Each structure stands twice: as structure tokens, then as C-alpha cells.
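1. Structure here, sequence nowhere to be found:
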């Protein structure tokens, strides 16, 4: 009888241990899942595998270079009524100057939309985020993303190395990116990063009167692509 009681106690103890182990395993699993979730939130930029390609960046750069070559004479040689970019400056173009500039700005804007379409960021989605009246932000975001990709081109033979392109882009736009966003861009521009760039650029462009031509032109001058 005594042996039976001991055996019963042992079985109860074993059963209790099993239950404790099960609870511990469940808690451990929940902790791991929660940890992974937190890491995903903190490091969400790096979770997407599809990023903008170097070939796509070079294609956009060709459009940017063409834009600057076409518009340079209007913006920087005195044919326009203003040649600087400041808080109270604006570009006043007349006649064919205005037509040429607007036509080429539309070409550059369309090229920027196409640039982002490679990673599944559609024009409609961008417009939902920033509205129709602030589309220059798409050009500026494209300029930043393109510049970062060109800076990281290991096959480049340019004499000046480093982050010249993106530094010039941020300076021309007047945008100071957060360290986390800057670091994420250097690893590759995914859809999530691109949309973040567009939204930040949209906030920067609110109230400015300098416009795409001066901003993109300043980038060109900074990287030595004009003149």
C-alpha cells in the first residue's frame, strides 16, 4: 500500500513536470515570435528583397542629364528672370522658355514614376500618399534613390568616390534624412524605402517656389554634370 502511494505521488509529480515544461515551451515560443515581430518593426526596411536596380538608376540618370542639358541655358545663363534658389526666389519664364521647361519637367516626372514602378510602387499609390499638387516630390525622391545607387556602383570609374551623388541630391533638395533611412538606402531601395523618401520629399517641398529645374540643375552642377 505504501509502495502504491509512492508510485501515485511520482506519477502526479511527473505529470506536473510535463505541464510545466509545456507551459515553458509555449512561453518561449511566444517570446521568440514577439522578438521576431519587434525586429521586423525596427528593421522593416531590410525585409524586402526587391530593390531598384543599377540599370534602372542609370536609365533615370540619362533622363536627368538630358533635362539639365536642355534647361541649363534657361536657368543659369540669364534667359530666365531668376537664377538662384532661395526662400523668396522663383523662376519666371516667358514664351517658349516656359513651354520647353514644362515639357521637360513632365518627361522627368514620368521617368521618375517609371523608375519606382520597377519595385511595384505605382503612380496611383504615390499620389494617394502625397496628392496631385506635390508631384515634384517624386522627382526629388527619384533623384535621391538614383544617387545612392550610383554611389554604390562598384563598377564605376569616376575619379571622385564616396557619397557624392546623394550628398549633392540632399543638398540641392534641402533634405536631411534620418540616419536609419540613410543606412537603409545604402543597402538597397525597396518599395517601403522609396515611399518613405517620397513622403519626406513632399514635406520638404511644401511652400518652396524654386521648382524642379533649379533643384535638379543644382544637383547637376554639384556632381559636375553641367557646364
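-> That came through fine. It should be emphasised that the depicted structure is a prediction, and the values quoted were computed from it without experimental measurement.

2. Report pLDDT for residue 173.
-> Residue 173 is assigned a predicted lDDT (pLDDT) of 89.

3. wait, it sits on residue 200?
-> No. Using C-beta atoms under 8 Å as the test, residue 173 is too far from residue 200 to be in contact (9.6 Å). For glycine as for every other residue, the C-beta is placed from the backbone atoms N, C-alpha and C.

4. who has more neighbours, these two?
-> residue 173 (26 against 20; other C-beta atoms under 10 Å).

5. so what's that one up against?
-> For residue 173, the contact set (C-beta atoms under 8 Å, 6 or more residues apart in numbering) comprises 140, 143, 144, 201, 204, 205, 215.

6. Could you check which helix or strand contains the fifth one?
-> By that I understand residue 204. Counting by DSSP states H and E, the element that carries residue 204 is helix 191-205.

7. outside of that helix, which residues touch it?
-> Outside of helix 191-205, the residues within contact range by C-beta under 8 Å, 6+ apart are 44-45, 48, 50, 52, 116, 119-121, 125-126, 129-130, 134, 136-138, 140-141, 144-145, 173-175, 177, 181, 184-185, 189.

8. in this protein, which spans are helices?
-> With DSSP state H as the criterion, the chain has helices at 2-42, 54-76, 96-117, 123-130, 136-151, 164-173, 179-187, 191-205, 211-222.

9. Among the ones you listed, show the one with the smallest mean pLDDT.
-> helix 2-42 (a mean of 40).

10. got the contacts of residue 173 as a markdown table, with neighbour count and distance to residue 67 columns?
-> Formatted as a markdown table, the contacts of residue 173 follow (neighbours: other C-beta atoms under 10 Å; distance: C-beta to C-beta, whole Å):
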| residue | neighbour count | distance to residue 67 |
| --- | --- | --- |
| 140 | 27 | 13 |
| 143 | 29 | 11 |
| 144 | 29 | 16 |
| 201 | 24 | 17 |
| 204 | 17 | 20 |
| 205 | 22 | 17 |
| 215 | 21 | 11 |
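
11. Name the nearest of those residues relative to residue 151.
-> Using C-beta to C-beta, residue 144 comes nearest to residue 151 of those, at 10.7 Å.

12. separation between the closest residue to that closest one other than its chain neighbours and residue 132?
-> Excluding its sequence neighbours, the residue lying closest to residue 144 (C-beta to C-beta, 6 or more residues apart in numbering) is residue 169, at 4.9 Å. In this view, residue 169 and residue 132 are 24 Å apart by C-beta to C-beta, to the nearest Å.

13. Look at these two and report which has more neighbours.
-> A direct count of neighbours by other C-beta under 10 Å for residue 169 and residue 132 places residue 169 higher, at 28 against 6.

14. That one: what's it in contact with?
-> By C-beta under 8 Å, 6+ apart, the residues touching residue 169 are 140, 143, 144, 146, 147, 219.

15. Count residues in the vicinity of the last one, would you?
-> Okay, so that is residue 219. 26.
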